[in-house]
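# Generate a structure from the sequence data that follows.
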Amino acid sequence: MMFAEDLVDPPFAVPNSLFPLVVRTYHLVRERCDFTQLRNAVNRSLSTE
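Now for the predicted structure:
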């Protein structure tokens, strides 16, 4: 999780207590989007067979 902290400038930094929550939420949303794309790709490949 340390990589994300380097992307935020100190004046705009999120309070330390909120930062892990924001990062966790971001990863959950991104994983859900990736899963949806994967499921759509599988459905397309199954429908073409």
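# May I have stretch 31-48 as CSV, with CA atoms only?
The C-alpha trace of stretch 31-48 is given here as CSV (Å, rounded to 0.1, in the frame of the first residue of the first chain):
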residue,chain,number,x,y,z
GLU,A,31,-11.4,-5.6,-8.8
ARG,A,32,-15.2,-5.5,-9.3
CYS,A,33,-14.7,-3.7,-12.7
ASP,A,34,-12.0,-6.2,-13.7
PHE,A,35,-14.3,-9.1,-12.7
THR,A,36,-17.2,-7.7,-14.7
GLN,A,37,-14.9,-7.4,-17.8
LEU,A,38,-13.6,-10.9,-17.3
ARG,A,39,-17.2,-12.3,-16.9
ASN,A,40,-18.3,-10.5,-20.1
ALA,A,41,-15.3,-11.9,-22.0
VAL,A,42,-16.1,-15.4,-20.9
ASN,A,43,-19.7,-15.0,-21.8
ARG,A,44,-18.7,-13.8,-25.3
SER,A,45,-16.4,-16.7,-25.8
LEU,A,46,-19.0,-19.2,-24.7
SER,A,47,-21.7,-17.7,-26.9
THR,A,48,-19.5,-17.9,-30.0
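# buried stuff in it?
Going by neighbour count (16 or more other CB atoms under 10 Å), nothing in stretch 31-48 comes out as buried. No exception for glycine: its C-beta is placed from N, CA and C like everyone else's.
# what about residue 22, how many neighbours?
13 (other CB atoms under 10 Å).
# who are the neighbours in contact with residue 28?
By CB atoms under 8 Å, 6 or more residues apart in numbering, no residues touch residue 28.
# so where does it fall, helix or strand?
helix 19-48 (DSSP states H and E).
# mean confidence score for that helix?
The average pLDDT within helix 19-48 is 86.
# any idea how far residue 23 lies from residue 30?
11 Å (CB to CB, to the nearest Å).
# neighbour count winner among the two?
Under the criterion of other CB under 10 Å, the comparison of residue 23 against residue 30 puts residue 23 first, with 15 against 10.
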